[in-house]
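S.K.: predicted model, plus sequence, below.
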Amino acid sequence: MVRDGRSRPVAIWLFAVALLVLAMVVVGGATRLTGSGLSITQWKPISGAVPPMTGHAWADAFGRYRATPQYRLINPDMSLGGFQFIFWWEWAHRLLARVLAAVFALPFATFLAARRLPRRLVWRCAALLALGGLQGLVGWWMVQSGLEARVSVAPERLAAHLGLALILFSALIWTALEAWSGKKRAGGGRRDGWTLAGALLAGGVFLQCLLGALVAGDKAGLVDNDWPLMGGAFFPRDYWRGSFWTTFAHNPSAVQFNHRLLAYGLLIMGLGMAVTAIRSSRVPGTIRGLCVVFAAGVTGQAMLGIAALWSGMPLSLAIFHQANAAFVLAIAVALAWRSRRI
């Protein structure tokens, strides 16, 4: 067993798994945007990897979809060809999840058997494996919310599904950095605000991603498409809907307004940290570089969000916006990790 806490092969493996999680987030976003998430109405972790291969099998899958509220109320005129289009998006998303499970579990077992996994990371990696399994269960729990009384999945369940994926994504990056660099050197623990700032930044980006999931689940990007105002006003006129949960989880105007406000805060914080890091000679070069990259990423993210809003949320811009959000989160996590080693 590796005892110094460092293993570059393990780090590369974990970074590769994180990239697969990023791919899942992007494909999952495309699945949602194309209205494909409810096309497969059964959860079969093993046999579901094989798609319909005959005309009878396709007719059977289409028949199950026709029993859903989404088909009856939204897509009553959908043909078999149209169903196959949305089916393949959801099938690809689930297949990628199966590939991800194999890419994690098989090398994990191999590293353990060869005693090449740093001892301090064994239980972390086991927890990551369990988290991946939980993500599958949460994904099916999310899909179930749209199969009985709704025409789409519940926004809060969509946020939970995305949030868990991003926790896994962040934890993979953090653990990979640990494996790449090894144990922290004893005695090197200067604290001058960067540790707290890095943690707040990463937490803020994660919260913003959850708000983005609510925006997607409530289709809030399709209302109040002006900017910087909302419906001609700074504060949306129909913000409050009678209760906290209805307002903050199910009111499109409120959800979009909250998403905008936190975006402004993250943009200001990111730019401020970049300027501070550039001007201070005491800041290590890696932190300075990460701050600059984060500032560029969050600025680009804000511009993508505005462009997507103005243009009515086209598929390409919406997917790019979600992918860049994951990139910004990755930089924030790397900055939070590095700031703990000043």
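M.R.: Looks like it came in fine.
S.K.: next structured bit after the helix or strand containing Ala102?
M.R.: Counting by DSSP states H and E, the element that carries Ala102 is helix 80-113. With elements assigned by DSSP H and E, the helix or strand that comes after helix 80-113 is helix 122-144.
S.K.: any idea of the mean pLDDT for that following helix?
M.R.: The pLDDT scores in helix 122-144 average 95.
S.K.: neighbouring contacts of it?
M.R.: 14, 37-38, 40-41, 43, 45, 97, 100-101, 104-105, 108, 112, 117, 153-154, 157-158, 160-161, 164-165, 167-168, 171-172, 175, 178 (CB atoms under 8 Å, 6 or more residues apart in numbering). The C-beta positions use only the backbone N, C-alpha and C, and glycine is treated the same way.
S.K.: again, only using 6 Å
M.R.: 43, 108, 153, 157-158, 160-161, 164, 168, 171, 175 (CB atoms under 6 Å, 6 or more residues apart in numbering).
S.K.: name the residues of that helix that are buried.
M.R.: For helix 122-144, the neighbour count (16 or more other CB atoms under 10 Å) marks 124-125, 128, 132, 135-136, 138-139, 142-144 as buried.
S.K.: between those residues, which is nearest Pro228?
M.R.: Distance to Pro228 across these (CB to CB) is lowest for Met142, with 32.8 Å.
S.K.: what's the closest non-adjacent residue to the closest one?
M.R.: Arg157 (4.1 Å; CB to CB, 6 or more residues apart in numbering).
S.K.: correct me if wrong: the one you found contacts Gly146.
M.R.: No - judged on CB atoms under 6 Å, Arg157 makes no contact with Gly146 at a distance of 8.8 Å.
S.K.: and Lys61, what is it in contact with?
M.R.: I think there's a mix-up here, since residue 61 is Ala and not Lys. When contacts are counted by CB under 6 Å, 6+ apart, Ala61 touches Pro52.
S.K.: what's it sitting at in phi/psi?
M.R.: Dihedral angles of Ala61 (phi, psi; degrees, to the nearest 10) stand at phi -60, psi -40.
S.K.: coming back round to it: mind checking how far the residue nearest to Met142 is from Leu121?
M.R.: Going from Arg157 to Leu121 by CB to CB, to the nearest Å gives 31 Å.
S.K.: neighbour count winner among the two?
M.R.: More neighbours surround Leu121 than the other of Arg157 and Leu121, with 22 against 19 (other CB atoms under 10 Å).
S.K.: residues in contact with that one?
M.R.: Contacts of Leu121 by CB under 6 Å, 6+ apart are Ala179.
S.K.: what about it, distance to Ala334?
M.R.: Distance, Leu121 to Ala334, using CB to CB: 17 Å.
S.K.: how about Met78?
M.R.: Distance of Met78 to Ala334, computed by CB to CB: 44 Å.
S.K.: now Ala109
M.R.: 28 Å.
S.K.: with neighbour numbers in mind, choose between those two.
M.R.: Each of Ala109 and Ala334 has its neighbours counted (other CB under 10 Å); Ala334 has more, 22 against 12.
S.K.: what's the helix or strand for the more buried one?
M.R.: Using DSSP H and E, the element containing Ala334 is helix 315-339.
S.K.: tell me which residues in the helix or strand that contains Cys291 are buried?
M.R.: Taking DSSP H and E as the criterion, Cys291 maps to helix 285-310. Buried residues in helix 285-310, defined by neighbour count with 16+ other CB under 10 Å: 287-295, 297-298, 301-302, 304-305, 308-309.
S.K.: same deal with stretch 27-43?
M.R.: For stretch 27-43, by 16+ other CB under 10 Å, it's 27-41.
S.K.: cool, stretch 256-275 as well?
M.R.: For stretch 256-275, burial by neighbour count (16+ other CB under 10 Å) applies to 256-260, 262-263, 266, 269-271, 273-274.
S.K.: what average pLDDT does that stretch get?
M.R.: Throughout stretch 256-275, pLDDT has a mean value of 97.
S.K.: centre of the chain to it, how far?
M.R.: Relative to its parent chain, stretch 256-275 has a centroid offset of 18 Å by CA atoms, centre = their mean, to the nearest Å.
S.K.: same deal with stretch 292-306?
M.R.: With CA atoms, centre = their mean, you get 17 Å for stretch 292-306.
S.K.: same question, stretch 238-256
M.R.: Counting by CA atoms, centre = their mean, stretch 238-256 comes out at 23 Å from the chain centroid.
S.K.: domains of the protein: list them as residue ranges, please.
M.R.: According to automatic domain parsing, the chain comprises the domains 1-183, 190-342.
S.K.: now Phe235: closest residue in space, sequence neighbours ignored.
M.R.: In space, Phe235 is closest to Phe257, 7.2 Å off (CB to CB, 6+ apart).
S.K.: helix or strand for that neighbour, which one?
M.R.: Using DSSP H and E, Phe257 falls in helix 252-279.
S.K.: show me what that helix is packed against.
M.R.: Counting contacts by 3 or more CB pairs under 6 Å, 6 or more residues apart in numbering; DSSP states H and E, helix 252-279 packs against helix 194-217, helix 285-310.
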